[in-house]
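sequence-free structure coming up:
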């Protein structure tokens, strides 16, 4: 550190003193600090940095495991919903065919109106289940795309 001072060094405010001595003067000083002992501050900073690094590694590993688990879960959900969708489509086709056959039997006088209404209810239930399955599949795909960053 460098210090420089310039000014009057006299008991009175004047350029020259009564005996002709010059009152103006300057001085300069330099200070050099050489650390001999830092009370283990450097070692503590290094240790703290290592601890923070290890904590960041643990957080990263935890986040990676969470993402892998979610990816596996969402993929399984999408796969299951896709398989279920094919089964629900078959149920709708079966219910349609059952309604068609029940109507033909009713036209021939072999079935009652109650059987026709029951077949219509079965078809409606199958179609609603198919729509629910479609929504579940689309939601599973959206979750998967959101997790992988493709949305």
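Everything's here; your move. Worth saying up front: this structure is predicted, and the values here are computed from it rather than measured. Numbers count the residues shown, from 1 in each chain.

For the rest of this, base every contact and every neighbour count on C-alpha atoms.
Fine.

what's near enough to touch residue 30?
For residue 30, the contact set (C-alpha atoms under 8 Å, 6 or more residues apart in numbering) comprises 1, 2, 3.

what's near enough to touch the second one?
Just to be clear, that refers to residue 2. Counted by C-alpha under 8 Å, 6+ apart, residue 2 has contacts 28, 29, 30, 31.

Now pLDDT and secondary structure too, for the residues you listed, in CSV please.
Shown next, in CSV, are the contacts of residue 2 (pLDDT from 0 to 100; DSSP: H, G, I helix; E, B strand; the rest coil):
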residue, pLDDT, secondary structure
28, 87, strand
29, 88, strand
30, 90, strand
31, 89, coil
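
Now do the strands in the protein.
In the chain, the segments counted as strands under DSSP state E are 2-8, 24-30.

so which of these gets nearest residue 129?
In terms of C-alpha to C-alpha, the element of the strands of the chain nearest to residue 129 is strand 2-8, at 84.9 Å.

Could you list the low-pLDDT ranges of the chain?
Scanning the chain for pLDDT under 70 picks out 9.

in it, which helix has the most residues?
helix 41-107 (DSSP state H).

which helices and strands sit right next to that one?
Where contact means 3 or more C-alpha pairs under 8 Å, 6 or more residues apart in numbering; DSSP states H and E, helix 41-107 is packed against helix 113-148.

residue contacts, the residue sitting furthest away from the middle of the chain?
In the chain, the greatest distance from the average C-alpha position (C-alpha atoms, centre = their mean) is reached by residue 19, at 82.7 Å. For residue 19, the contact set (C-alpha under 8 Å, 6+ apart) is empty.
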